[in-house]
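> Quick check, what structure comes out for this input:
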Amino acid sequence: MTLFRNLDPKRRFALAVILIYIVSLPIISTITYLILKQNAINYAYNTARLYLITFNATRHYVGDELRPVLQKELPSGKFILEGMSRSYVAGSITRRVLQDLPGYSFKNASLNPRNPKNKADEFETRIINEFRSRREMKEWKGLIEKQGYNYYVLARAGSPIEEGCLYCHGDPAAAPKEIIKRYGTASGFNMRVGDVLDTLIAYIPVQIPLISARKIVAIFIGIYTIFFGIVLYLVNRRFGWFYEKIESDKKTIEGISTEILNLNREMEDMVAERTMGMVGLRVADRIRNPVTVIGGLCRQIFKKEVEGVPKDKVEDILFECERMEKIVAEFDELVKTKRFLFKREDLNEIVISTIRLVEPEIKEKGITLSVNLYDKPLMFNANRQLIKIAIRHVVNNATDATASSGKISISTGTKEDSIFLTITDTGRGMTTEELHRIFEPFYSTKGRTGMGLPLVRQIIAEHMGEIIIDSKPDVGTTVRFTFPTRWMERETTANK
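The predicted structure is shown next:
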């Protein structure tokens, strides 16, 4: 399995096609053969059934119509075998029919036949005995092999001996002399009413249909193999662009993943850096005043030579105060001179590249994303990564606040000498109190650091822009960034 995963997509697909071929070929071939075999059996059954019905119809015709007419027209006691014997007439017709059907066989098999040709063999005797022991059974069917050939056999139980049958099959002394003369008295007599002694049985050769079924299956296997061969050929020769597209998409996805990872890291670093900067400025601001006061008092004491105060100690305190003032000044200058490079960027392109990063998460949550960008480039001076961080943070907030089946709309446009980006969601919204405090450092309604929106506002301010947030509980929130389109291209300080 590991080896399969390590293969390139082209070889994986080819191997999958081969495996499908290997698994499906015997299954489909077997099913096809069984269907063709069953069709041959159904055909054989219908053919045999037609023969048996024809044979029985002939017997009934002779017994019910032809024999009474001949008995009426012929002298009393006269018996014409060719027209009055039901079995003889039916057998003769059947033999004539089978002359044009080589391989087909029909037999009125009997345990006590008058004609030796109808003597039941071992197989037929077993069927007759089964009919005799199971009177409710009327039909037997199945495939057998006989003399190296396959036959479909249909056997139907013969009619029980009736009273009228005893004229020819009862006491030999009372039988027509024509029958005695033709067949003698060795068999076919002394039957009793109700006996089942025979079966009508048809042998339908299915050797040829089964051979044809195997040939059809072989042809199918060949066609199936050719089909898969063509598929493999097309896969390897004609669909190279498909695999190139897969590889290209794979690299694009990997690039997006890397970009997301880098952006997350940059965002984390920037939040940490700016958080520390803001904290440092606050600390420096808080320390500056007490140090200045302490330093001023020490200078006054040092100049006036207060009695009881060691001058050298005051001098040491003054020295340390000056050092603290210098450290605070240097830290303040370091933070304020942090620089970022700005250049001309297209707001639409920045929005598109940012949406590509956050769109999977939005769709996974079941939120509808609507994007309506201005039809022309919106150029302004910007630090691309900073703007992406600001946009992504606001979109993430919108995603967190919006429930499944909600909607997030993103649009860009122009107004006078400014360009704007609007992000609207149908989320839970904010109260008036929350709206007033969202830019306070360390304030959060979600248990986070609370530095996200303050950072966003600082980024927008560094771009000489403006951020406006409008929100109502259970209605949603709208965030708008506005940027000037023209200002001097230069490096700006982080805290201007």
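> hey, where'd the strands end up in the stretch 51-200 of the chain?
105-110, 139-146, 149-157, 198-205 (DSSP state E, counting those that start in this stretch).
> Kindly format the C-alpha coordinates of the third one as PDB.
Pointing back at strand 149-157 there. C-alpha atoms of strand 149-157 as PDB (Å, rounded to 0.1, in the frame of the first residue of the first chain):
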ATOM      1  CA  TYR A 149     -22.500 -34.900 -25.600                       C
ATOM      2  CA  ASN A 150     -24.400 -32.500 -23.400                       C
ATOM      3  CA  TYR A 151     -28.200 -32.800 -23.500                       C
ATOM      4  CA  TYR A 152     -31.000 -30.900 -21.900                       C
ATOM      5  CA  VAL A 153     -33.600 -33.400 -20.800                       C
ATOM      6  CA  LEU A 154     -37.300 -32.800 -20.200                       C
ATOM      7  CA  ALA A 155     -39.400 -35.700 -19.000                       C
ATOM      8  CA  ARG A 156     -43.100 -35.700 -18.200                       C
ATOM      9  CA  ALA A 157     -45.000 -38.500 -16.400                       C
END
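> Quick one: mean pLDDT over it.
Mean per-residue pLDDT for strand 149-157: 87.
> oh, and call the first residue 12 from now on, that's how I've got it
Right, with 12 as the first residue, what we last looked at is strand 160-168.
> List the strands paired with it, with their directions.
strand 150-157 (antiparallel), strand 209-216 (antiparallel) (DSSP bridges).
> Output these in TSV; the columns should cover mean pLDDT.
Listed next are these as TSV, based on pLDDT from 0 to 100:
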stretch	mean pLDDT
strand 150-157	87
strand 209-216	86
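> which of the ones you listed is buried the deepest?
strand 209-216 (a mean of 23; mean count of other CB atoms under 10 Å). To be clear about C-beta, it is placed using only N, CA and C from the backbone, and glycine gets the same treatment.
> what angle do the helix or strand following it and strand 160-168 make?
Going down the chain from strand 209-216, the next helix or strand is helix 218-244, by DSSP states H and E. Angle of helix 218-244 versus strand 160-168, following axes from the mean of the first three to the mean of the last three CA atoms, to 10 degrees, is 130 degrees.
> Which secondary structure elements does helix 218-244 sit against?
Applying 3 or more CB pairs under 8 Å, 6 or more residues apart in numbering; DSSP states H and E, one finds that helix 218-244 makes contact with helix 20-72, strand 160-168.
> looking only at pLDDT, what's the mean for the first one?
In this model, helix 20-72 has an average pLDDT of 82.
> Give me the distance from that helix to the chain's centre.
30 Å (CA atoms, centre = their mean, to the nearest Å).
> hmm, back to that, dump the helices and strands packed on helix 218-244 into JSON lines; add mean neighbour count as well.
JSON lines is the format used below for the helices and strands packed on helix 218-244 (neighbours: other CB atoms under 10 Å):
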{"stretch": "helix 20-72", "mean neighbour count": "15"}
{"stretch": "strand 160-168", "mean neighbour count": "21"}
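> I'd like these laid out as JSON lines, including distance to Pro79.
Below are the helices and strands packed on helix 218-244 laid out as JSON lines (distance: least, CB to CB, whole Å):
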{"stretch": "helix 20-72", "distance to Pro79": "11"}
{"stretch": "strand 160-168", "distance to Pro79": "26"}
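> For Gly195, which of the ones you listed is the nearest?
helix 20-72 (22.8 Å; CB to CB).
> circling back to that earlier point, out of the helices and strands packed on helix 218-244, the one nearest Val486 is which?
It's helix 20-72; of these, that one is closest to Val486 (CB to CB) at 47.3 Å.
> need the helices for the stretch 62-211 of the chain, in chain order.
78-84, 92-95, 97-109, 133-144, 177-180, 188-194 (DSSP state H, counting those that start in this stretch).
> So which of the helices and strands packed on helix 218-244 is nearest Asp481?
Comparing the helices and strands packed on helix 218-244 by CB to CB, helix 20-72 comes nearest, at 48.3 Å.
> Now do the closest one against strand 160-168, angle only.
Using the same axes, to 10 degrees, helix 20-72 lies at 40 degrees relative to strand 160-168.
> Count the residues that sit near Asp111.
Neighbours of Asp111 under the rule other CB atoms under 10 Å: 7.
> Tell me the secondary structure at Thr423.
strand (DSSP: H, G, I helix; E, B strand; the rest coil).
> Quick one: residues contacting it.
Each residue near Thr423 by CB atoms under 8 Å, 6 or more residues apart in numbering is listed here: 358-359, 362, 383-385, 389, 430-433.
> And Phe494, how close does it get to Glu356?
Separation of Phe494 from Glu356 (CB to CB, to the nearest Å): 10 Å.
> So for those two, which sits in the more crowded spot?
Phe494 (20 against 17).
> mind listing what that one touches?
Counting by CB under 8 Å, 6+ apart, Phe494 touches 358, 391, 393, 429-431, 471, 474-476.
> Could you say which of the residues you listed is surrounded by the most neighbours?
The most crowded member of the contacts of Phe494, judged by other CB under 10 Å, is Leu358 (25 neighbours).
> Skip the chain neighbours and tell me the closest residue to that one.
Leu389 (3.9 Å; CB to CB, 6 or more residues apart in numbering).
> The one you found: what's it in contact with?
357-359, 423, 425, 430, 496.
> which stretch of helix or strand covers Val467?
helix 463-473.
> Would you mind identifying the next helix or strand past that helix?
Trace forward from helix 463-473 with DSSP H and E and the next one is strand 477-483.
> from the chain's centre, how far out does that next one sit?
With CA atoms, centre = their mean as the basis, the mean position of strand 477-483 lies at 44 Å from the chain mean.
> buried sites along it?
Across strand 477-483, burial judged by 16 or more other CB atoms under 10 Å covers 478, 480, 482.
> circling back to that earlier point, save the strands of the stretch 62-211 of the chain as TSV, and put in distance to His447 too.
Listed next are the strands of the stretch 62-211 of the chain as TSV, based on distance: least, CB to CB, whole Å:
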stretch	distance to His447
strand 116-121	105
strand 150-157	92
strand 160-168	93
strand 209-216	96
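> now for these, which one comes closest to Lys226?
Here strand 160-168 is closest among those (CB to CB), at 15.2 Å.
> Right, I'll call it a day here.
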